[in-house]
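>>> Structure, please.
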Amino acid sequence: MAQPWDYIAKIVSLGDSGSGKSSLTIRLCEGRFVSHHDVTIGVEFGSRVVPVGPPASLEHNINNPVATPSNKPSVTKSPNDVKRSGAGKAAPTEPQQKHMKLSLWDTAGQETYKSITRSYFRGASGALLVYDITRRATFNSVTSWLHDLRQIAEDDIVVILVGNKSDLAPSSTVTEGDSKNKRQVTRQEVEEWCRGNRVMQYVETSAKSGENVERAFLEVAERIYQNIEAGKYDLNDRRSGVKGPGAGGGANAGRTVTLGGGGGGGGAKKAGIAGGCC
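Numbering: from 1, shown residues only. Now for the predicted structure:
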């Protein structure tokens with residue numbers, strides 16, 4: 001039986017405790033929201049296979065350098081126009097859809113475990129830096145988390161910033177006294193921070209409603225895929241955080257694939273400080 005993925009990539013999520021990292025992983029892997037989640041101790045694991053590259057990347061308009069502006073009117077051709085334009089020409093071949101298995105490492109955000117969880121950053125090819133839109137203190141911490149990540153991870157790690165709990169922040173600005181809008185950090189401020197810290201993308205998500213959760217992970221996966229296509233990774237070196245087709249399938253299809261010290265299985269599971277993998 002052929003494996004359902006072409007590549008495996010190690011993705012870490014990091015940020016302060018209570019920002020919703022575990023809820024995002026559970027929402028992506030299991031499609032559900034957990035309102036009360038035990039504090040992560042060490043690291044939790046999950047996995048999800050996602051499409052990368054065209055045609056999916058074009059349909060989702062993710063990392064598409066030739067994206068068509070959304071306000072450009074679409075043109076519907078008549079059947080006769082289609083026949084004339086296609087006369088004598090072979091239909092273009094659809095590119096074969098590639099898939100990537102995301103091995104998700106959800107790290108603890110408490111200061112108590114910070115010295116331990118830093119070690120899990122090693123060998124990651126992508127990272128979601130998560131903060132809580134309704135708690136400024138969690139945003140103030142992202143610079144420190146990013147510094148720790150870049151001290152340990154590879155230089156070319158793909159990083160995006162995720163502002164979670166957007167369901168509590170319907171406005172992009174801070175409005176004092178508005179009980180419906182609990183936002184404490186403006187979107188403009190966050191985007192300026194991203195530009196100043198070389199973080200390529202900012203996505204606002206809601207683990208509760210599911211809004212943009214999948215997109216956040218797809219943004220990371222697509223950029224990793226672009227790096228694969230550009231030959232930036234040694235797919236035989238686990239330190240790159242990416243494995244190619246030879247990492248599984250055939251006789252090895254049922255084995256755990258190690259990426260910088262661990263891998264990922266189905267769904268989301270918990271591991272203690274000693275680590276491990278589902």
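>>> Please name the nearest non-neighbouring residue to the residue nearest the centre of the chain.
Note on the chain: the residue nearest the mean C-alpha position is residue 217, at 2.4 Å, using C-alpha atoms, centre = their mean. Setting aside the residues directly before and after it, residue 217 is nearest to residue 28 in space (C-beta to C-beta, 6 or more residues apart in numbering), at 5.7 Å. C-betas here are computed from N, CA, C, even on glycine.
>>> and that neighbour, how far is that from residue 207?
Remark: distance between residue 28 and residue 207 (C-beta to C-beta, to the nearest Å) = 9 Å.
>>> Could you name every residue contacting both of those two?
With contacts taken as C-beta atoms under 8 Å, 6 or more residues apart in numbering, the residues that reach both residue 28 and residue 207 are residue 213.
>>> Neighbour count: the two, which is higher?
residue 207 (29 against 23; other C-beta atoms under 10 Å).
>>> can you pull the contacts of the residue nearest to that one when sequence neighbours are not counted?
Of all residues not flanking residue 207 in the chain, residue 23 sits nearest, at 3.6 Å (C-beta to C-beta, 6+ apart). Residue 23 sits next to 33, 34, 37, 164, 207, 208 when contact means C-beta under 8 Å, 6+ apart.
>>> Just the buried ones from those residues?
33, 37, 164, 207, 208 (16 or more other C-beta atoms under 10 Å).
>>> Provide the secondary structure category for residue 32.
Assigned with DSSP: H, G, I helix; E, B strand; the rest coil, residue 32 falls in the coil class.
>>> thinking it is in contact with residue 24, fair?
No - using C-beta atoms under 8 Å, residue 32 is not in contact with residue 24; the gap is 11.9 Å.
>>> Could I get the full set of helices for the stretch 151-278 of the chain?
187-196, 213-229 (DSSP state H, counting those that start in this stretch).
>>> Please work out which of the ones you listed is packed deepest.
Each of the helices of the stretch 151-278 of the chain was scored by mean neighbour count; the highest is helix 213-229, a mean of 22, by mean count of other C-beta atoms under 10 Å.
>>> What count of nearby residues applies to the residue nearest to residue 164 when sequence neighbours are not counted?
Leaving aside its sequence neighbours, residue 164 sits nearest to residue 20 (C-beta to C-beta, 6+ apart; 3.9 Å). Using other C-beta under 10 Å, residue 20 has 28 neighbouring residues.
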